[in-house]
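[1] Below is the sequence, then the predicted model.
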Amino acid sequence: MTVEPSFFSKVYEVVRQIPEGKVTSYGAIAKYLGSPQSSRMVGWAMNASHSLDDVPAHRVINRKGLLTGKHHFGGGTIMQQLLENEGVHIIEDQIQDLEKHFWDPVKSLEDF
DNA sequence: ATTCTGACGTGGG
DNA sequence: CCCCACGCCAGAA
């Protein structure tokens, strides 16, 4: 019996494809998964991503480019540090040049 | 079974 | 851009 990849698993795969110095939004991932309105579930999946080392959740932010999930990285500026380390400029938990660093799975993995 | 919450997004004002 | 309200699905209590 075929085990369909759960919503969670798909999210992890996509996030894993995110190149360094790039960021994406929950909605973009949700849309790629076929449920553009289930953006919340993407965030929810990320919540479980803490058990995974291959899921750079720090590269996933909301559509505003705000590090909404930074509190889940330890409560400090961990998330910001990680992104800046990859060349992403961040001010006040807000990503600068979001469009420039934005990585859309639908565009990059459209045939994936 | 119900109820609530949640790292969001969209639409209207 | 801001603010408010609704929807969306999955999991926990």
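    Structure received.
[2] Going by C-alpha atoms from here, please, whenever you check contacts or count neighbours.
    Fine.
[3] got the residue ranges for the helices in chain A?
    A:7-17, A:26-33, A:39-48, A:78-85, A:98-101, A:105-108 (DSSP state H).
[4] residues in chain A within reach of DNA strand C, list them.
    A:7, A:35, A:37-41, A:64 (C-alpha under 7 Å from any atom of the strand).
[5] top of those by neighbour count?
    A:Ser39 (19 neighbours; other C-alpha atoms under 10 Å).
[6] about what we covered before: take the helices of chain A and write them to JSON lines, including distance to A:Gly69 and mean pLDDT.
    Shown next, in JSON lines, are the helices of chain A (distance: least, C-alpha to C-alpha, whole Å; pLDDT from 0 to 100):
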{"stretch": "helix A:7-17", "distance to A:Gly69": "14", "mean pLDDT": "89"}
{"stretch": "helix A:26-33", "distance to A:Gly69": "11", "mean pLDDT": "92"}
{"stretch": "helix A:39-48", "distance to A:Gly69": "8", "mean pLDDT": "90"}
{"stretch": "helix A:78-85", "distance to A:Gly69": "8", "mean pLDDT": "94"}
{"stretch": "helix A:98-101", "distance to A:Gly69": "16", "mean pLDDT": "92"}
{"stretch": "helix A:105-108", "distance to A:Gly69": "20", "mean pLDDT": "88"}
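[7] Deepest in the core, which of those helices is it.
    helix A:26-33 (a mean of 22; mean count of other C-alpha atoms under 10 Å).
[8] From the rest of the structure, what touches it?
    If you take C-alpha atoms under 8 Å, 6 or more residues apart in numbering as the criterion, helix A:26-33 is touched by A:7, A:10-11, A:14, A:36-43, A:60-63, A:104-106, A:110.
[9] restrict those residues to those near DNA strand B?
    A:36-43, A:60-63.
[10] what's the closest of those to A:His89?
    Nearest to A:His89, judged by C-alpha to C-alpha, of those is A:Ile61 at 13.8 Å.
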